[in-house]
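>>> Just the structure for this:
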Amino acid sequence: MLESKRIRLRPLKFQDKLKMHEWRNSLDLIRLTQGIRFPKTIEMETSWFESILNDISNKNVYFAIETISQDEFIGVVQLNNIDQISGTSTLGFMIGDSKNQGQGYGKEFVELIISYAFNILNLRKITSYVVDYNRKSLNLFEKLDGFKQEGKLVEHFYFEDSYNDVLIYSIFKANNQSFGQNK
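Below is the predicted model:
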């Protein structure tokens, strides 16, 4: 388990499935996370959850985000497409309930997972893709030391009758050896 002042990152549990099913069907969250825009049945969620919990590919890692004060499951953060040869991965995350969004948890869990990626997995570069209207995530990457906008995918994500740009943010281990430490 990884812990900061207010949150911990723990492995996902099968008991998290119903909350994840609710979040993964939320159009607000799909819009913000560029999620899959098809409805997900509980059977699909079960299959997806089993595939994650039994994934031994070493190419993906998922953590539940949980508050320390109330042991409340509030979201998920993940590293996908882990390439051990190139030392790269893609960062994704979601805070499920709106009451927990905008509370400053993002800085804490991103620092934890980047520190884990650099110091435990020995990755050297982490990339994240943020749709241009997701102001909370854009603000997060602008506030975090080390993340830089690396590029833009023009009119890349379609939602609600418009094509939106997706901004690419990256952080390199070489320039951020102490990322997330002593903060």
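>>> CA only for contacts and neighbour counts going forward, please
OK.
>>> how many other residues sit next to residue 157?
A count of neighbours around residue 157, defined by other CA atoms under 10 Å, yields 15.
>>> Spit out the contact partners of it.
34, 131, 163-166 (CA atoms under 8 Å, 6 or more residues apart in numbering).
>>> ok, longest helix in the chain?
Using DSSP state H, we find that the single longest helix of the chain is helix 105-119.
>>> Convert the helix or strand following it to CSV, retaining C-alpha atoms only.
Next helix or strand after helix 105-119 toward the C-terminus (DSSP states H and E): strand 125-131. The C-alpha coordinates for strand 125-131 follow below in CSV (Å, rounded to 0.1, in the frame of the first residue of the first chain):
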residue,chain,number,x,y,z
LYS,A,125,8.6,8.5,-18.5
ILE,A,126,4.9,8.7,-17.7
THR,A,127,2.4,10.2,-20.1
SER,A,128,-1.3,11.2,-19.6
TYR,A,129,-3.9,12.3,-22.1
VAL,A,130,-6.4,15.0,-21.0
VAL,A,131,-9.3,16.3,-23.0
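>>> Now find how far off-centre strand 125-131 is within its chain.
9 Å (CA atoms, centre = their mean, to the nearest Å).
>>> Need the contact partners of that strand.
32-34, 87-92, 114, 137-138, 157, 164-173.
>>> one step back: of the contacts of residue 157, closest to residue 72?
For those, the closest approach to residue 72 (CA to CA) belongs to residue 34, at 24.5 Å.
>>> Quick one, grab the pLDDT at that closest one.
According to the prediction, residue 34 has pLDDT 87.
>>> what does the one 3 residues further on give?
Predicted confidence (pLDDT) at residue 37: the value is 86.
>>> Give me the three-state assignment for the nearest residue to it once chain neighbours are set aside.
Distances taken as CA to CA, 6 or more residues apart in numbering put residue 30 closest to residue 37, at 6.7 Å, once the chain neighbours are dropped. Recorded secondary structure, residue 30: helix (DSSP: H, G, I helix; E, B strand; the rest coil).
>>> In contact with residue 30: list those residues for me.
24, 36-37.
>>> And it, how far from residue 87?
To residue 87, residue 30 is 28 Å away according to CA to CA, to the nearest Å.
>>> Repeat that for residue 10.
Remark: distance between residue 10 and residue 87 (CA to CA) = 23 Å.
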